[in-house]
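How does the following fold in three dimensions:
(one chain, ligands or ions: 1)
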Amino acid sequence: MKIAPPDALAQHASGHLTDPSGRRFEYLRLSLTDVCNFRCTYCLPNGYQKAAGRAPDLSLDEIVRGVTAFARLGLWKVRLTGGEPTVRAEFTDIARRVAAVPGIRRVAMTTNGYRLANRAAEWRAAGVSAINVSIDSLDPARFAAITGHDRLGEVLRGVEAARSAGFETIKLNAVLMRGVNDDELEAIIAFVRERDLSLRFIEVMRTNDNARFFRDRHLPGQTVIDALQGMGWTRLPRAPGAGPAVEFGHAGVNGRIGVIAPYAQDFCTTCNRLRLSAEGKLHLCLFGDGGLDLRSLLQSDAQIDELVERIAVLTARKAPAHRLHEGNSGVTPHLASIGG
Ligand code: SAM
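Presented below is the predicted three-dimensional model:
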């Protein structure tokens, strides 16, 4: 068994995992699969294709061991993502088992919503308390053009089902695209006026596969912030364990509108997350140089102590910031491959 350097061990002795930049990790994004059934223009425009040599998705037992180790290091929030996590037939069992891991206080999921209308109550009962649904446009034809699926109505019914099922937080994600959906702010304000949910615009991120799309469609999130502030919206305080979104509210509007701007200065300084891919690789950054193998230590319960140590040692290597500004998106072909 490898012995961790003393500083890495000290970092997790207190049950808190931190890195040399002083960032504390509370949040694990766990990819259940890289498979996605949608064909979003900025991610998988030609549909999912299995990458050569790709390992099978983590089994339920491997997932539980992984989450147990991260929880021992003080991570308390897990987001189930993908690919599309709900294409896994055993999704509900995975959610239930993850929610039962000691130390895990919140299980969240990110979905394109294609099964949400029928499954919202089941997933809530399994222990998922927060849900993000991707809706890039509130216009049915645009939604179909962006995702390759004419299913906006179905996904919106899913959002209503999630509201009825009592999720503690419901967030909608819309990738902000120049000339595609950058004229929808008024429609979005109307949508959140009566609904207690948050819609966040995400700046398109450049990946290895979408360089041209990025060049044509990227729009800084600041344009949305300027428009909101111009209409009297004000910035809301950041909740504990919250992600990188900057959120805004307005008197008389129940919901909130946020912006996730990975190209903004200091975006990485509040990074509180680690990623485990569906192949069992630890990714310290979405735009890093590749994953670090944990799978060999996910094979039996007897390996958990060693797994905890390896995660602590590897995390100490997390770079202070991504290199997207230099046009370097690491080895990430698209976000579905690691888990967006
Ligand atoms: N399939 C699920 C979904 O649709 O939400 C989960 C995975 S998806 C990769 C997670 C989020 O990443 C979605 O909101 C998606 O729109 C976003 N996303 C994917 N590629 C992106 C990119 N290049 N830039 C910004 N956001 C992206």
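
Please determine how far the residue nearest to residue 275 when sequence neighbours are not counted is located from residue 33.
In space, and not counting its chain neighbours, residue 275 is closest to residue 283: 4.0 Å by Cβ to Cβ, 6 or more residues apart in numbering. (Each C-beta comes from the backbone N, C-alpha and C, glycine too.) Counting by Cβ to Cβ, to the nearest Å, the separation of residue 283 from residue 33 is 15 Å.

Please apply the same query to residue 87.
For residue 87, the distance to residue 33 (Cβ to Cβ) stands at 6 Å.

which of those two has more neighbours?
Set side by side, residue 87 and residue 33 show more neighbours around residue 33, with 23 against 19, by other Cβ atoms under 10 Å.

right, and that one touches residue 81 too?
No - the criterion here is Cβ atoms under 8 Å, and residue 33 misses it with residue 81 at 9.5 Å.

ok, now which ones touch whichever residue of the stretch 201-340 of the chain sits closest to the ligand?
Nearest residue of the stretch 201-340 of the chain to the ligand, counting by Cβ to the nearest ligand atom: residue 340, 2.6 Å away. Residue 340 makes contact with 43, 81, 82, 110, 286 under the criterion Cβ atoms under 8 Å, 6 or more residues apart in numbering.

what residues does the protein put near the ligand?
36, 42-43, 81-82, 84, 110-112, 134, 173, 175, 202, 204-205, 207, 210, 335-336, 340 (Cβ under 6 Å from any ligand atom).

Looking at these, which are in helices?
Members of the residues of the chain next to the ligand lying in helices (criterion: DSSP state H): 335, 336.

From the residues of the chain next to the ligand, which land in strands?
Judged by DSSP state E, strands contain the following of the residues of the chain next to the ligand: 81, 110, 111, 134, 173, 175, 202.

Go through those residues and name the one nearest residue 92.
Within those, the smallest distance to residue 92 is 12.6 Å, found for residue 111 (Cβ to Cβ).

Please name the nearest non-neighbouring residue to that closest one.
residue 86 (5.4 Å).

my guess is that neighbour contacts residue 119, does it?
Yes - using Cβ under 8 Å, residue 86 is in contact with residue 119, at 7.2 Å.

related to what we said a few turns ago, state the phi and psi torsions of the residue nearest to residue 275.
Backbone torsions of residue 283, given as degrees, to the nearest 10, read phi -110, psi 120.

If you tally nearby residues, what's the number for it?
Neighbourhood size, residue 283 [other Cβ under 10 Å]: 25.

cool, residue 291 as well?
Residue 291 has 19 neighbours, counted by other Cβ under 10 Å.

Skipping adjacent residues, who's closest to it in space?
Closest residue to residue 291 apart from its sequence neighbours, by Cβ to Cβ, 6+ apart: residue 281 at 2.5 Å.

Which of residue 86 and residue 119 has more residues huddled nearby?
residue 86 (24 against 19).

Show the pLDDT at the more buried one.
Note on residue 86: pLDDT of 98.

ditto for residue 322
Confidence at residue 322, expressed as pLDDT, is 77.

mind listing the helices for the stretch 1-150 of the chain?
Assignment of helices within the stretch 1-150 of the chain using DSSP state H, counting those that start in this stretch yields the ranges 6-13, 60-72, 91-99, 116-126, 140-147.

Quick one: low-confidence residue ranges for the stretch 201-340 of the chain.
Residues of the stretch 201-340 of the chain meeting the criterion pLDDT under 70: 240-242.

same thing but 80
239-243, 265-266, 288-289, 319-331, 340 (pLDDT under 80).

Need the contacts of residue 340 in TSV (columns: neighbour count).
TSV is the format used below for the contacts of residue 340 (neighbours: other Cβ atoms under 10 Å):
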residue	neighbour count
43	26
81	24
82	28
110	23
286	21
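
helix, strand or coil for residue 189?
helix (DSSP: H, G, I helix; E, B strand; the rest coil).

Next, the contact list for it, please.
So residue 189 contacts 231, 250, 253, 257 (Cβ under 8 Å, 6+ apart).

neighbour-wise, which of the residues you listed leads?
With neighbours taken as other Cβ under 10 Å, the top of these is residue 257, carrying 28 neighbours.

a helix runs through that residue, doesn't it?
No - according to three-state DSSP, residue 257 belongs to no helix; its state is strand.

Sort the contacts of residue 340 by pLDDT and name the bottom one.
Lowest in pLDDT among the contacts of residue 340 is residue 286, which has 85.

what sits against that one?
Residues counted as contacts of residue 286 (Cβ under 8 Å, 6+ apart) are 205, 275, 322, 330, 332, 335, 338, 340.

do the same with residue 206
214, 218, 324, 327, 329.

what do you get for residue 104?
67, 71, 76, 77, 78, 98.

repeat that with 10 Å
28, 67, 68, 70, 71, 75, 76, 77, 78, 98, 127 (Cβ atoms under 10 Å, 6 or more residues apart in numbering).

quick one: which of those residues has the most company?
Highest count within these by other Cβ under 10 Å belongs to residue 70, 29 neighbours.

Distance check, the nearest residue to that one once chain neighbours are set aside against residue 310.
Using Cβ to Cβ, 6+ apart and skipping the chain neighbours, the partner closest in space to residue 70 is residue 28 (4.8 Å). Residue 28 sits 15 Å away from residue 310, taking Cβ to Cβ as the criterion.
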